[in-house]
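Peer 1: I would like the atomic coordinates for the input below:
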Amino acid sequence: QVQLVESGGGLVQAGGSLRLSCAASGRTASGYAMGWFRQAPGKEREFVAAISWSGSSTSYADSVEGRFTISRDIAKNTVSLQMNSLKPEDTAVYYCAADRRFSTIATLTLKDGYWGQGTQVTVSS
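Peer 2: You can find the predicted model right below:
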């Protein structure tokens, strides 16, 4: 089992920045790819960004490419999402996820992998 706990959400004005963190515990998460997903009210959960277990590969949704940066600290078992130039449409609950396969983590479902409880991000216009 891998337990994931997100932090860092909050309220920010459009154009501002936030940094989300995800702490992994339990069975070592160092061999897992990690990802961030988000779900806005009335919408399906969507992929945001992912990073391979080594940190050498990353992937982003088109909607956040160039604005968000995912990174990980293997020694600390943490993954971060730096979000810049935030827009009101970035408002959502953000979830951290872990899975063995980086190649398919973007399509991870709730039945697969491990998920955190989420952290709210609200961007005001």
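Peer 1: going forward, measure contacts between C-alpha atoms and count neighbours the same way
Peer 2: OK.
Peer 1: I'd like the distance between the closest residue in space to A61 that isn't next to it in sequence and S25.
Peer 2: Among residues not flanking A61 along the chain, V48 sits closest, at 5.1 Å (C-alpha to C-alpha, 6 or more residues apart in numbering). Going from V48 to S25 by C-alpha to C-alpha, to the nearest Å gives 22 Å.
Peer 1: neighbour count winner among these two?
Peer 2: Neighbour count, other C-alpha atoms under 10 Å: between V48 and S25, V48 has more, with 24 against 15.
Peer 1: contacting residues around the more buried one?
Peer 2: Taking C-alpha atoms under 8 Å, 6 or more residues apart in numbering as the criterion, V48 is in contact with G35, W36, F37, R38, Y60, A61, V64, A106.
Peer 1: now, those that are in strands?
Peer 2: Using DSSP state E, the subset of the contacts of V48 located in strands is G35, W36, F37, R38, Y60.
Peer 1: quick one: which two of those are the most distant?
Peer 2: Of all pairs drawn from the ones in strands among the contacts of V48, the greatest distance, 12.6 Å, lies between R38 and Y60 (C-alpha to C-alpha).
Peer 1: next, show the common contact partners of those two.
Peer 2: F47, V48.
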